[in-house]
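> Turn this into a structure:
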Amino acid sequence: GTLGITLIDSLNELIQAGHITPQLAMQVLRQYDKSISEALSSKVKAKVTMKGDLGIYRLCDDVWTLVVKNSSFKCHHETITITDKVKTVTCSNRRAGE
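I've put the predicted structure just below:
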């Protein structure tokens, strides 16, 4: 899994074992989201181009969800092709209240 999913799994285990409260877990996840967002916006300079057949798209609360079939991703002259579905979730880079 990804780092975020692994964090969620670990937090759920800690909640189930009674070591932390659900409120603390949510606070940890909010801080994780904030830190990842800041790191991606300031540290990562790579750009990826995605092409494919758009199957499903949805916009809710400034969050785009896209399901793309037969997609290809190009980054630094390398292309990766995925024939199955790819789901992407994209958030606005604006901070709340802007």
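
> phi, psi of the residue positioned nearest the centre of the chain?
Residue closest to the average C-alpha location in the chain (Cα atoms, centre = their mean): residue 89, at 5.8 Å. Torsion angles at residue 89 (phi, psi; degrees, to the nearest 10) stand at phi -120, psi 120.

> Tell me where the protein has strands.
All strands of the chain, identified by DSSP state E, fall at 49-60, 63-75, 78-82, 86-91.

> can you tell which of those strands is closest to residue 40?
Closest to residue 40 of the strands of the chain, according to Cβ to Cβ: strand 86-91, at 10.3 Å. All C-beta atoms are positioned from the backbone trio N, CA, C, and that covers glycine.

> Sheet partners, orientation included, of the closest one?
Applying DSSP bridges to the sheet, strand 86-91 is found paired with strand 63-75 (antiparallel).

> Output the partner strand as PDB, nothing but the C-alphas.
The C-alpha trace of strand 63-75 is given here as PDB (Å, rounded to 0.1, in the frame of the first residue of the first chain):
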ATOM      1  CA  VAL A  63     -11.800  17.500  -5.100                       C
ATOM      2  CA  TRP A  64     -11.800  15.900  -8.500                       C
ATOM      3  CA  THR A  65     -12.100  12.100  -8.800                       C
ATOM      4  CA  LEU A  66     -11.300  10.600 -12.300                       C
ATOM      5  CA  VAL A  67     -11.400   7.000 -13.400                       C
ATOM      6  CA  VAL A  68      -9.400   6.500 -16.600                       C
ATOM      7  CA  LYS A  69      -9.200   3.400 -18.700                       C
ATOM      8  CA  ASN A  70      -6.300   2.400 -21.100                       C
ATOM      9  CA  SER A  71      -4.100   5.200 -19.700                       C
ATOM     10  CA  SER A  72      -0.500   6.100 -20.300                       C
ATOM     11  CA  PHE A  73       1.600   8.200 -18.000                       C
ATOM     12  CA  LYS A  74       4.700  10.100 -19.300                       C
ATOM     13  CA  CYS A  75       7.400  11.400 -17.000                       C
END
